[in-house]
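Engineer: this is the structure alone, sequence omitted:
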């Protein structure tokens, strides 16, 4: 039996606040296999985005064990985590996180140039064409709609060919029709590239497109 791509065992996350320590996640145990499409759902404040941050190595767990893409995250330093994310993991944020002074093409080129990908410009151009933005490669984020910016973010995340794609409310800032179009692209391209998809969403319609839903309640996986 193949090892899971992602494995969490009794993971907890506690963060400090002015009122004292706050327990965000409690005793999270979870396996995610290669090629799965997983939705993390639950009410606001249930810990969905925090869980995604742990999976991306963007926040260290307070306790428990996390293995992502074969890397034990418990004692991993920043250089190790950066190498893990570089090329093997793509992340899409609700707020796009594009560099405003760079064109669409230049934004997509960033991770490709960091990884030293051959023919990076051609690969970035193909990635933009896959998200139907071949005609926008020389445009800056401020010249594009929210939906177009999120598609650039998707192209940037997928261009290096990641094994794992993490998406945090990827349609949260988009209207219904635009969000549906971006959703279609995320699922189609993840399947086309054979990429494991883990997304956080408030949308039940989006969640039900995934083969499995992980529902959080008060920092725990609900039974």
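Structural biologist: Arrived safely. These numbers were taken from a predicted model, which means no experiment stands behind them.
Engineer: what's the nearest residue to residue 113 if we skip its chain neighbours?
Structural biologist: residue 120 (5.5 Å; C-beta to C-beta, 6 or more residues apart in numbering). In this view, the C-beta of every residue, glycine as well, is placed from N, C-alpha and C.
Engineer: swap in residue 114?
Structural biologist: Excluding the flanking residues, the one nearest residue 114 by C-beta to C-beta, 6+ apart is residue 86, at 6.0 Å.
Engineer: I'd say the one you found and residue 117 touch.
Structural biologist: No. Checked against C-beta atoms under 8 Å, the pair residue 86 and residue 117 is beyond contact range at 10.6 Å.
Engineer: these two - which one has more neighbours?
Structural biologist: residue 117 (18 against 14; other C-beta atoms under 10 Å).
Engineer: mind listing the shared neighbours of residue 86 and residue 117?
Structural biologist: Taking C-beta atoms under 8 Å, 6 or more residues apart in numbering as the contact rule, residue 86 and residue 117 both touch residue 160.
Engineer: wait, what's in contact with the residue most central in space within the chain?
Structural biologist: Of all residues in the chain, the one closest to the mean position by C-alpha atoms, centre = their mean is residue 166, 1.8 Å from it. By C-beta under 8 Å, 6+ apart, the residues touching residue 166 are 52, 55-56, 89-92, 198-199.
Engineer: show me where this protein has its helices.
Structural biologist: Assigned helices in the chain, in chain order: 48-55, 78-85, 104-114, 120-130, 146-158, 176-193, 204-207 (criterion: DSSP state H).
Engineer: ok so, going back, who does the residue nearest to the centre of the chain form a beta bridge with?
Structural biologist: Assessed by DSSP bridges, residue 166 has beta-bridge partners residue 91, residue 198.
Engineer: and it, how far is that from residue 34?
Structural biologist: Relative to residue 34, residue 166 is positioned 15 Å away (C-beta to C-beta, to the nearest Å).
Engineer: only whichever of the contacts of residue 166 are buried, select them in ChimeraX.
Structural biologist: Applying 16 or more other C-beta atoms under 10 Å to those, the buried members can be selected in ChimeraX as follows:
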select :52,55,56,89,90,91,92,198,199
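Engineer: between the contacts of residue 166, which is nearest residue 143?
Structural biologist: Of all the contacts of residue 166, residue 92 has the smallest distance to residue 143: 20.4 Å, by C-beta to C-beta.
Engineer: relative to residue 43, how far out is that closest one?
Structural biologist: Taken as C-beta to C-beta, the span from residue 92 to residue 43 is 22 Å.
Engineer: what residue ranges in the protein score low on pLDDT?
Structural biologist: Across the chain, the ranges flagged by pLDDT under 70 are 1, 223.
Engineer: contacting residues around residue 73?
Structural biologist: Counting by C-beta under 8 Å, 6+ apart, residue 73 makes contact with 54, 57, 60-61, 66-67, 81.
Engineer: before we move on, the earlier item: what's the closest of the contacts of residue 166 to residue 17?
Structural biologist: Taking those together and measuring to residue 17 by C-beta to C-beta, the closest member is residue 52, at 20.2 Å.
Engineer: contact partners for the closest one?
Structural biologist: By C-beta under 8 Å, 6+ apart, the neighbours of residue 52 are 40, 166, 168, 198, 200.
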